[in-house]
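Enquirer: I would like to see how this sequence folds:
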Amino acid sequence: MILTHKAVLKTLAAATLTLACNAGFAQAASSSASPAKKELIAKLLMIQQPGVEQLSRNILQQPLQQLMQQAGGALQQMPADKREATGKAMEAEIKKFVDQNGPMLKDRGIKLAPSTVGVLLDERFTEDELRQLLAWLDSPVSKKFGLVSNDLQKSLADKLLAETGPTLDARFKALQLTLAKQLGLPPPPAAAAASSAAKK
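Expert: Numbering: from 1, shown residues only. Okay, the predicted model is just below:
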């Protein structure tokens, strides 16, 4: 089943609504912080802004990745002479969607951070702990760790996929075949081929 733009928008709306509800619920708690503590929290939020922007990108990209995978499978079923033009038209629609919604999600995430993340920092950390946290995040070691953390994750992810990818792929195709049978649908070509290969 291919997700429609409406389904993607519903997913995004649900995520945004959850953030907004959390913001409204938490907003009342932050007024008790001292001016010094509020300043520390503001500095921490500034340092964490790239993380908020990444979260916003992830909220946008997750349903799009699912949509693109499903659309890619459907694209392969189309007549060869229509695939390229349809693929380009789909890419243009996806780019338009990202261009329209990416900045909105990023801006909203940045605006919601003080009333969500800021409130939790106020509730769960003392002023002294916030100073220590800020000192750590501002330290050269922390910044260096931040720069290499993507490489560390990529290294692990590459190795994990290399060792488990073929097994997971075969199992995923078997799951697709089972679900297609349960739904009374013809099996996806790749899943059917994998299943018959596995039986040999």
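
Enquirer: any idea where the helices of this protein begin and end?
Expert: 5-26, 35-47, 49-76, 80-124, 127-138, 140-183, 189-199 (DSSP state H).

Enquirer: pLDDT of the fourth one, averaged?
Expert: Right, the one you point to is helix 80-124. Helix 80-124 shows a mean pLDDT of 92.

Enquirer: the bottom helix or strand of this structure by mean pLDDT?
Expert: One helix or strand of the chain scores below all others by mean pLDDT, DSSP states H and E: helix 5-26, with a mean of 40.

Enquirer: Break this structure down into its domains, please.
Expert: 5-138, 147-200 (automatic domain parsing).

Enquirer: Most tightly packed of those domains?
Expert: Greatest average neighbour count among these goes to domain 5-138 (a mean of 15), per mean count of other C-beta atoms under 10 Å. No exception for glycine: its C-beta is placed from N, CA and C like everyone else's.

Enquirer: so how many other residues sit close to Lys143?
Expert: Other residues near Lys143 come to 11 when the count uses other C-beta atoms under 10 Å.

Enquirer: Spatially central, which residue of the protein would that be?
Expert: Asn58 (2.5 Å; C-alpha atoms, centre = their mean).

Enquirer: got the contact list for that residue?
Expert: Listed by C-beta atoms under 8 Å, 6 or more residues apart in numbering, Asn58 has no contact partners.

Enquirer: any idea how far it lies from Ala36?
Expert: 33 Å (C-beta to C-beta, to the nearest Å).

Enquirer: Contacts only, for Met68.
Expert: Neighbours of Met68 in contact, by C-beta under 8 Å, 6+ apart: Ile94.

Enquirer: My guess is Thr105 contacts Gln61. True?
Expert: For residue 105 the amino acid is Leu, not Thr. No. If you go by C-beta atoms under 8 Å, Leu105 and Gln61 don't touch, sitting 10.3 Å apart.

Enquirer: Model confidence for Ala198, exactly?
Expert: 50.

Enquirer: err, Gln61, not the other one
Expert: For Gln61, the predicted pLDDT is 89.

Enquirer: Same check on Gln66?
Expert: 84.

Enquirer: how close does it sit to Gln49?
Expert: Gln66 is 27 Å from Gln49, by C-beta to C-beta.

Enquirer: just Glu91 next, same as before
Expert: 30 Å.

Enquirer: Please apply the same query to Phe125.
Expert: Phe125 sits 18 Å away from Gln49, going by C-beta to C-beta.
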